[in-house]
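Quick check, what structure comes out for this input:
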Amino acid sequence: MGLRTPNRCTANAVYFLLAMMTAVLSTALILNAREALGQESESTYPTYISLEESLGLIQNVHLEVVDDVEGGCWTNVETVRQKARLAFEQSDIRVYQEPLASTSLFTPKFLINTVGWRTERGTCVGTMNVRSISRVYTELGKQEEFNVGVNSISFEYQATMTSIDNLNTTILDSTEQATSKFIADIISNSRNKNVSQLLNSFEGIEDAEPLTMKEYKKLIREMDDEG
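Take a look at the predicted model:
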């Protein structure tokens, strides 16, 4: 007998649980930062970590390569993907290529998106946009009764390219440049005093693995079956 399709209530319940877990983690970032820096949790002045500095928190990435190039102008997509993956793995940053249930400051999506086409004269033109995207929650309202989730872009790299034959070499080189800079920013910001102390306050964070979308759907099915 096949698995039943999870009902909408169950899916919403699990998604809400994931959202709340992320929100709690966001709050814990501030509280742990205060404690790590020897401050009282009731302190009026919390310790803030900037968006750029938050790159130092990254332990994993969800690598996604999007090919929106037409006219045979990009034919080494898999080579580009493996090039980026290797760079991360060599820097001890775990790479997930399957979809994740959610992104976070510890596990952002590293999106490589290239758009291009072949002109009537046969020349290939294209643009590449590389981004690091994390789902972040913030509390709003008089009593902070609203929890709002937004996608935060902590890193961005753009490049334009043209070639008579194809864009393979240019895209590969641009991917290497973007990935190298992103990794360098991660390593550099991980040395930040506040970031370092915050990471140390999360015991075992370097070994924590994110929930994949496959695991998320399995969890929904199990909850639906139990219900």
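
need the contact list for the residue most central in space within the chain.
Central residue of the chain (Cα atoms, centre = their mean): Pro108, 1.3 Å from the mean position. Neighbour list for Pro108: Ile58, Val61, His62, Ser132, Ile133, Ser134, Ser154 [criterion: Cβ atoms under 8 Å, 6 or more residues apart in numbering]. (C-beta placed from N, C-alpha, C; glycine too.)

Look up the closest residue to it, ignoring the ones flanking it.
Leaving aside its chain neighbours, Pro108 sits nearest to Ser134 (4.2 Å; criterion: Cβ to Cβ, 6 or more residues apart in numbering).

for the one you found, helix, strand, or coil?
Classification of Ser134 using DSSP: H, G, I helix; E, B strand; the rest coil returns strand.

May I ask you to confirm that it is in contact with Ser102?
No - assessed by Cβ atoms under 8 Å, Ser134 is found out of contact with Ser102, at 9.5 Å.

Looking only at neighbour counts, state which of the two leads.
Ser134 (24 against 19; other Cβ atoms under 10 Å).

ok, now which ones touch that one?
Taking Cβ under 8 Å, 6+ apart, we find Ser134 in contact with Ser54, Thr103, Ser104, Leu105, Thr107, Pro108, Lys109, Asn151, Ser152, Ser154.

Mind checking which of the residues you listed are buried?
Buried members of the contacts of Ser134, scored by 16 or more other Cβ atoms under 10 Å, are Ser54, Thr103, Ser104, Leu105, Thr107, Pro108, Lys109, Ser152, Ser154.

Torsion angles phi and psi at the first one?
Just to be clear, that refers to Ser54. For Ser54, the backbone dihedrals (degrees, to the nearest 10) come out as phi -60, psi -20.

Surely it is in contact with Asn189?
Yes - the pair Ser54 / Asn189 is scored as a contact, 7.4 Å apart, by Cβ under 8 Å.

so what sits against both of these two?
Shared contacts of Ser54 and Asn189 (Cβ under 8 Å, 6+ apart): Val195.

Doesn't Arg131 belong to a helix?
No - assigned with three-state DSSP, Arg131 falls outside any helix and is strand.

Could you give the number of residues near it?
Neighbourhood size, Arg131 [other Cβ under 10 Å]: 20.

Kindly report the same for Val80.
Quick note: Val80 (other Cβ under 10 Å) scores 22 neighbours.

and the nearest residue to Gly126 once chain neighbours are set aside, what helix or strand is that in?
Leaving out its chain neighbours, the residue that sits closest to Gly126 by Cβ to Cβ, 6+ apart is Gly116, at 2.6 Å. Gly116 is part of strand 109-118 when elements are defined by DSSP states H and E.

Equivalent analysis for Asn194, please.
Judged by DSSP H and E, Asn194 forms part of helix 193-201.

just how off-centre is that helix within its chain?
Centroid separation between helix 193-201 and its chain, computed with Cα atoms, centre = their mean, to the nearest Å, is 20 Å.

and if you look at stretch 203-218?
13 Å.

next one: stretch 170-178
19 Å.

avg pLDDT for that stretch?
For stretch 170-178, the mean pLDDT works out to 97.

Check which residues of it are buried.
Within stretch 170-178, the residues that qualify as buried are Thr170, Ile171, Leu172, Ser174, Thr175, Ala178, counting by 16+ other Cβ under 10 Å.
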